[in-house]
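Participant: Sequence first, predicted model second:
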Amino acid sequence: MSPVFSPAHEGNVHLLTQGIELLDALSDCAFTGSLGGHSSVGVQYRHLLEHYQSLLGQWPSGRINYDERPRDTVIEQQRSRALAATRTIIQALQALDRTVDPPLMVHTDAGGGKRPDWRASSLGRELQVLSSHTVHHYALMALLLEGLGESVPSEFGVAPSTLTHQRTG
């Protein structure tokens, strides 16, 4: 039986494709430039990619720890490396069996204590979280780019629910 393409998979692939389109249109300088000493587009983009890498690399074990991500600074410094990593992630997302939604235990340091805080989740739920996380970082990237005088597509960094509301409202 061929897999059913779930909305969470499709949404993440769509968002990552938006990222490829944006990065293709940027210069290397715009990708690594910062505004007032704050984070660059490259840093924001590396961060969101590493969450995908964590999920894709760790989910078969049934445990995801987003704090144990690669932190590959080359991705934030080389736009070509970021593009290649994005394409690899898209391929991995498309290869997932979408007919199963296995339970997972997930850990993220929320700053509230010394004990690990593991919570129940599922692959589908984590894909929803990554979608929201990606939109959030895209919004930050859009602000950085606009501050650097770069143009950004109007829907880049806008939540899907907001776009739906704007179209129907």
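Facilitator: Arrived safely, thanks for sending.
Participant: Would you map the helices across this protein?
Facilitator: In the chain, the segments counted as helices under DSSP state H are 7-25, 28-32, 41-58, 73-77, 79-95, 123-147, 160-168.
Participant: Residue 112 is nearest to which of those helices?
Facilitator: helix 123-147 (18.2 Å; CB to CB). Just so you know, the C-beta spots here come from the backbone N, C-alpha and C atoms, and that holds for glycine as well.
Participant: Tell me the buried residues in the closest one?
Facilitator: Counting neighbours by 16 or more other CB atoms under 10 Å, one finds that the buried residues in helix 123-147 are 123-124, 126-131, 133-135, 137-142, 144-145.
Participant: now that helix: how far from the chain's centre is it?
Facilitator: 6 Å (CA atoms, centre = their mean, to the nearest Å).
Participant: ok, residue 128 - contacts?
Facilitator: residue 8 (CB atoms under 8 Å, 6 or more residues apart in numbering).
Participant: how about 10 Å then?
Facilitator: By CB atoms under 10 Å, 6 or more residues apart in numbering, the contact set of residue 128 is 6-8, 11-12, 121-122.
Participant: Residue 33 touches residue 147, doesn't it?
Facilitator: Yes. Between residue 33 and residue 147 there is a contact at 9.5 Å, judged by CB atoms under 10 Å.
Participant: Can you pull out the low-pLDDT segments for the chain?
Facilitator: Counting by pLDDT under 70, the chain contains low-confidence ranges at 1-5.
Participant: Buried members of the contacts of residue 128 into PyMOL, please.
Facilitator: The buried subset of those, as determined by 16+ other CB under 10 Å, is captured in PyMOL by this line:
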select buried, resi 6+8+11+12+121
